[in-house]
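K.L.:
3D model of this:
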Amino acid sequence: MAPDLLLKAALLGLVEGATEFIPVSSTGHLIVVSRWLDLVDERAKTFDIFIQLGAILAVVWLYRARLLQMARSLGSGGGSGRLALNLAIAFLPAALVGFLAHDWIKEHLFTTTVVALAFVVGGVLILVIERWAPRSSVSDLQAIPAPTALGVGIAQVLSLVPGTSRSAATILGGYGLGLSRVTATEFSFLLAIPVMLAATLYDLLKSWSILAPSDAPVFAVGFVVSFLAALVVVRGFLVYVSRHSFAAFAWYRIGFGILLLLFMKG
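P.N.:
Residues are numbered from 1 along each chain as shown. Here you go, the predicted model:
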């Protein structure tokens, strides 16, 4: 196994773990960095999907106690049971649209131009929402109303466009619907588990035939680095949003998107 390939896998794992749960689009960054590293074949695209599992596992580890509590309370009327139900409600819209449009999206929208435009538009929308400064009426995950959870799920459909960012859509969707910054962020983290797990496993099942045993070290390196990077970022991001607005991410998105439009094609 060529050391440079393992280094590229580690770099992509770092990009995935660092960007998956903040509102800047991990998919958009992976598309750009993969092109820069000249890793653009179908196997490379499957690698980009696979390393999402590392980031997902980081959230599962950090929220393991709450997840176990939800599992034990399934079918009950308690707060943990309501949270589990709300996650299921929020999961459905993107899952349905993603299942129906998966192949079309992957074939037509995974381009640098689409990513760049989504970066800019998403950044502008974040600034608009911050200027609007919606009133936060829910600061407890277990108190989220079901209609709000559905609204977050509908907002998540926008994230099927590469460059939009699943985290941006769900966090800003929840914030705009009355959740506090921290509550919207944590709900987004938990919602990522079923959404990303379903999308990743579905894509891997479709792409399994193009993989070979020799790919295992590359995939393992990307997976581990993604897991470790996500552990650090998730913890830090929660501290950040408890004290700051999302404006910095908006300006980053706009600047990065403009640079892509100016210097990259395709």
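
K.L.:
now the helices: where do they sit in this protein?
P.N.:
3-19, 26-36, 42-50, 52-62, 64-72, 79-108, 112-132, 146-156, 166-176, 181-207, 216-241, 247-263 (DSSP state H).

K.L.:
Tally up the residues packed near Ile154, please.
P.N.:
Ile154: 16 surrounding residues under other CB atoms under 10 Å. (Glycine included, C-beta is placed from N, CA and C.)

K.L.:
now swap in Asp48 and tell me
P.N.:
Neighbours around Asp48, by other CB under 10 Å: 21.

K.L.:
what sits against it?
P.N.:
Applying CB atoms under 8 Å, 6 or more residues apart in numbering, we find Asp48 in contact with Leu12, Glu16, Thr27, Leu30, Ile31, Ser34.

K.L.:
Am I right that the fifth one is in contact with Val115?
P.N.:
It refers to Ile31. Yes. With contact defined as CB atoms under 8 Å, Ile31 counts as touching Val115 (5.5 Å).

K.L.:
shared neighbours of these two, which are they?
P.N.:
With CB under 8 Å, 6+ apart as the test, Ile31 and Val115 both reach Pro162, Gly163.

K.L.:
Can you dump the C-alpha atoms of stretch 219-227 in PDB for me?
P.N.:
Output in PDB follows, covering the C-alpha atoms of stretch 219-227 (Å, rounded to 0.1, in the frame of the first residue of the first chain):
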ATOM      1  CA  PHE A 219     -10.700   2.800   4.300                       C
ATOM      2  CA  ALA A 220      -9.600   2.000   7.900                       C
ATOM      3  CA  VAL A 221      -7.200   5.000   8.100                       C
ATOM      4  CA  GLY A 222      -9.900   7.400   6.800                       C
ATOM      5  CA  PHE A 223     -12.500   5.900   9.200                       C
ATOM      6  CA  VAL A 224     -10.300   6.200  12.300                       C
ATOM      7  CA  VAL A 225      -9.200   9.800  11.500                       C
ATOM      8  CA  SER A 226     -12.800  10.800  10.800                       C
ATOM      9  CA  PHE A 227     -13.900   9.400  14.100                       C
END
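
K.L.:
any weak-confidence spans in the stretch 51-200 of the chain?
P.N.:
Along the stretch 51-200 of the chain, the model assigns pLDDT under 70 to residues 75-77.

K.L.:
what about 80?
P.N.:
Where the stretch 51-200 of the chain drops to pLDDT under 80, the residues are 73-80, 106.

K.L.:
Determine the number of other residues adjacent to Val97.
P.N.:
Neighbours around Val97, by other CB under 10 Å: 16.

K.L.:
surely it meets Val157?
P.N.:
Yes. With contacts counted by CB under 8 Å, Val97 reaches Val157, the gap being 5.2 Å.

K.L.:
Please report the distance of Tyr202 from Phe99.
P.N.:
Remark: distance between Tyr202 and Phe99 (CB to CB, to the nearest Å) = 7 Å.
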